[in-house]
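**Q** Provided below for reference: sequence and predicted model.
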Amino acid sequence: MFLMKLTIYLLGRIVSSLVLVFGLAATVSAELMIEITKGSDTALPIAIVPFASEGDEPVPEDIARIVSNDLQRSGDFDTLSTGRMLSLPESMAQMHFRDWRLLGQTYVLVGKVRYDAIQSRFQVQYELVDVYGQKRLLGEVLSVPRSGLRKLAHLIADKVYETITGVRGVFSTKIAYITLKNLPGGKQEYRLQVSDADGQNAYTLFKSHEPILSPAWSNDGQHLAYQSFHTGRPAIYIQHVKTGGQRKVTGFKGLNSSPMWSPDDRYLVMTLSKDGNAELYTYDLVSNEVERLTNHYGIDTEASWSPDGKELVFTSDRSGKPQIYRMNLIDRKPQRLTFEGRYNARPRFSLDGRSLYYVHQVNGDFHIASIDMSTGENRVLTSTPLDESPSVAPNGRMIIYATNRNGKGVLAVVSVDGGAKYFLPSDYGDVKEPAWSPFLN
Amino acid sequence: MPCDSHRLTSGHVPARNEFGITKNKQFYVLLKTHNEGKEMKFDSFRHAIALLLALALLSGCESMSTSDDEFVADEPPAQEDQDTADSSDTYSAPAEPEVSAEELAAQRAKEAAMKEQAALREVRTFYFDFDQYTVKPEARSPLAAHAAFLSANPSVKVVLEGHCDERGTKEYNIALGENRAKAVARFLKVNGVSDAQIETISYGEERPAATGHNEQAWAKNRRVYIEYK
């Protein structure tokens, strides 16, 4: 444990002392908007009552709306629209339980915001109430500066979600993704973006006229690894998401692609072709040693580490078509996992390490599918034709992926059971290759 | 450049001498005159010039141009050789009257072959089937023409850019694009091009030639492009 911390500390030092400090875009934009297309049948009814505001100072964020949107998007809750509420209590003491039962609500969230002029801070009080048990499940008063209101709303949503479902909420996490815009004169602009999980507060971590691909979060949530062509040749970089410090990891002749972190963040697994064709390698971020893992004339790429760090899954065309293989890191003998369909690629582990989410071709279309690694049972989760790049939320409940809508690349999210779904359409070019961050607090 | 280098080792190219680029300014002018002569229909003049040309070609050990001066101007690598060429070395032999019809025919055949080779080299993009990295049969003769040109001109370098259509996963496509570029590289190497002349890069599906989301566009995007440096 100490060694790991030391490693991470050293890594942090290396990165922060590196040459490039990119101007993290000062302009904060909401380039992704939420659009829920499909709710879940088993969603729990909850009423999020608009928070009362005390004092003259206007509250810049609608906390109840942010919480409501978060919960609705998860697919696990069905939120009651404000127009249907019979009263707007601001505390449990003001609630008439019979009214909420009549509306079929199981849970109610009430609260209020007060501005403290002396401290220039907002005090937010909230209570989560169980309608049938007529008891308070959560109750808190929190104080934040103006800039912290949005974050606080996501935190309340996380607490509500966890209290009711027993699963940690992901509303305070972030996503990284790539945008591509065609500029006048035939040039392209690639951007590596980071935003809140709901698409808000986006900023640019890195941009280039050349391709940027495959952003991958370190497990400590501090860095992104990715492939960039900005020098004209592909190379793998890691970059600190807050300071912007960038470090070039590999720039071998040939491929430098598909980086993914080991669970302890010490290694990257990646695809290089320096010894001939596309093979998997590990890169030790402390010693800078490179070790070859596969040896086959076919393509081996898109590796991902199992949560316990003991094995890898990856795409290989060693059977003639791209299929998914697993490989124990001790004996290193690849074992084929997918047999249904002619194209199965880019696997990512489920949280418990028992299933994979991957890209699966059906009748010429590409969908996100899941497979149980022990039974081989698989299931198609999405229905649009060009779905790719699945990335699992840190609580294991949702998958963000890239798809194409009206000829434009957009992000979409689907629950792991395929039940709920929403889009994150963009007003900025094509959006692709999402990567969901780990828990950040 | 030694005379031997004009000979091709390829099994895919007709076994004729292949002349890469103009090395001689006067010769270049001569070819132009030759073309004008054609237009003016001065048959005897034309024959004399053709004879001159034949002799110069047979006696000289220089690498020569095709008879299509426009093509010469188009060819980027020709520049440096043109600049360094000595203008006095080949155009000195007086026209000898007895030149056989066979020789003349051979010369014309040679010119035609050179033109054909140049036209084949205009093909710079080679297409592939979905998820395949096998060089298609129709790519063979244009690729052989590029190989012949490159092996005759070892200082000329190319970048082979591998591309894919948008279907399938991005990183697999990056690897697939590299395999396509390498398949073309292998073909060139087998046909006498040296390793040092070839660089490969894969852009996967990042640089589509056509932007549609249908088979027509996809077919245009599964490609390797030869870029002369």
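**A** Noted; the coordinates are in hand.
**Q** give me every residue that touches residue B:205.
**A** By CB atoms under 8 Å, 6 or more residues apart in numbering or on different chains, the contact list for residue B:205 reads B:163-168, B:170, B:173, B:177, B:221. In this view, the C-beta of every residue, glycine as well, is placed from N, C-alpha and C.
**Q** now with 6 Å?
**A** With contact set as CB atoms under 6 Å, 6 or more residues apart in numbering or on different chains, residue B:205 has these partners: B:164, B:166, B:173.
**Q** Could I get the pLDDT score of it?
**A** Residue B:205 carries a pLDDT value of 96.
**Q** what's the answer for residue A:26, then?
**A** Here the pLDDT value assigned to residue A:26 is 38.
**Q** Could you do residue B:25 as well?
**A** At residue B:25, the pLDDT value in this model is 36.
**Q** before we move on, what about residue A:351?
**A** Residue A:351 is assigned a predicted lDDT (pLDDT) of 95.
**Q** and what of the one 4 residues further on?
**A** Residue A:355 carries a pLDDT value of 97.
**Q** That one touches residue A:375, doesn't it?
**A** No - counting by CB atoms under 6 Å, residue A:355 stays clear of residue A:375, with 9.7 Å between them.
**Q** Which helix or which strand is home to residue B:112?
**A** helix B:101-121 (DSSP states H and E).
**Q** same check, this time on residue A:66
**A** Under the criterion of DSSP H and E, residue A:66 resides in helix A:63-74.
**Q** Would you mind listing the buried residues in that helix?
**A** A:63-64, A:66-74 (16 or more other CB atoms under 10 Å in any protein chain shown).
**Q** before we move on, the earlier item: go through the contacts of residue B:205 and name the one nearest chain A.
**A** Checking the contacts of residue B:205 against chain A with CB to the nearest CB, the nearest one is residue B:166 at 6.7 Å.
**Q** excluding its backbone neighbours, what's nearest that closest one?
**A** In this structure, residue B:166 finds its nearest non-sequential neighbour in residue B:205, 4.9 Å apart by CB to CB, 6 or more residues apart in numbering or on different chains.
**Q** what separates that neighbour from residue B:163, distance-wise?
**A** According to CB to CB, to the nearest Å, residue B:205 stands 7 Å off from residue B:163.
**Q** What residue, apart from its backbone neighbours, is nearest residue A:300 spatially?
**A** Leaving aside its chain neighbours, residue A:300 sits nearest to residue A:294 (4.4 Å; criterion: CB to CB, 6+ apart).
**Q** Name the SS class of that neighbour, please.
**A** Secondary structure assignment for residue A:294 (DSSP: H, G, I helix; E, B strand; the rest coil): coil.
**Q** What is the neighbour count of the residue of the stretch 101-250 of chain A found nearest chain B?
**A** Distances between the stretch 101-250 of chain A and chain B by CB to the nearest CB are smallest at residue A:211, namely 4.1 Å. As a burial measure, residue A:211 scores 21 neighbours (other CB atoms under 10 Å in any protein chain shown).
**Q** Return the residues in contact with it.
**A** So residue A:211 contacts A:190, A:229, B:206 (CB under 6 Å, 6+ apart).
**Q** Turn the buried residues of helix A:63-74 into CSV, columns for distance to chain B and pLDDT.
**A** Formatted as CSV, the buried residues of helix A:63-74 follow (distance: CB to the nearest CB, whole Å; pLDDT from 0 to 100):
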residue, distance to chain B, pLDDT
A:63, 38, 97
A:64, 39, 97
A:66, 33, 97
A:67, 35, 98
A:68, 35, 97
A:69, 30, 95
A:70, 29, 96
A:71, 32, 96
A:72, 31, 93
A:73, 26, 91
A:74, 27, 91
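**Q** May I ask which two of those residues are separated the most?
**A** Spanning the widest gap among the buried residues of helix A:63-74 are A:63 and A:74, at 17.2 Å by CB to CB.
**Q** mind showing which ranges of the stretch 151-300 of chain A have poor pLDDT?
**A** Nowhere does the stretch 151-300 of chain A drop to pLDDT under 70.
**Q** residues in it within reach of chain B, list them.
**A** A:211, A:213, A:255, A:257-258, A:278, A:299 (CB under 6 Å from any CB of the partner chain).
**Q** can you put the residues you listed in CSV and add secondary structure?
**A** Output for these, formatted as CSV (three-state DSSP):
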residue, secondary structure
A:211, coil
A:213, strand
A:255, coil
A:257, strand
A:258, strand
A:278, coil
A:299, coil
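**Q** quick one: which of those residues has the most company?
**A** Ranked by neighbour count (other CB under 10 Å), these have residue A:258 at the top, with 32 neighbours.
**Q** for it, what are its contacts?
**A** A:214, A:270-271, A:301-302, B:171.
**Q** repeat for residue B:178
**A** Residue B:178 is in contact with A:255, B:162, B:202, counting by CB under 6 Å, 6+ apart.
**Q** Secondary structure element for it, which one?
**A** Take DSSP H and E as the rule and residue B:178 turns out to sit in helix B:170-190.
**Q** Send over that helix as CSV, restricted to the C-alpha atoms.
**A** The C-alpha trace of helix B:170-190 is given here as CSV (Å, rounded to 0.1, in the frame of the first residue of the first chain):
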residue,chain,number,x,y,z
LYS,B,170,-11.6,2.7,-33.4
GLU,B,171,-8.5,1.0,-32.0
TYR,B,172,-9.1,-2.2,-33.9
ASN,B,173,-9.4,0.0,-37.0
ILE,B,174,-6.1,1.7,-36.2
ALA,B,175,-4.5,-1.8,-36.2
LEU,B,176,-6.4,-2.8,-39.3
GLY,B,177,-5.3,0.4,-41.1
GLU,B,178,-1.7,-0.4,-40.2
ASN,B,179,-2.1,-3.9,-41.6
ARG,B,180,-3.4,-2.5,-44.8
ALA,B,181,-0.5,-0.1,-45.1
LYS,B,182,1.9,-2.9,-44.3
ALA,B,183,0.3,-5.2,-46.9
VAL,B,184,1.0,-2.5,-49.5
ALA,B,185,4.5,-2.0,-48.1
ARG,B,186,5.2,-5.8,-48.4
PHE,B,187,4.1,-5.7,-52.1
LEU,B,188,6.4,-2.8,-52.8
LYS,B,189,9.3,-4.5,-51.0
VAL,B,190,8.8,-7.8,-52.9
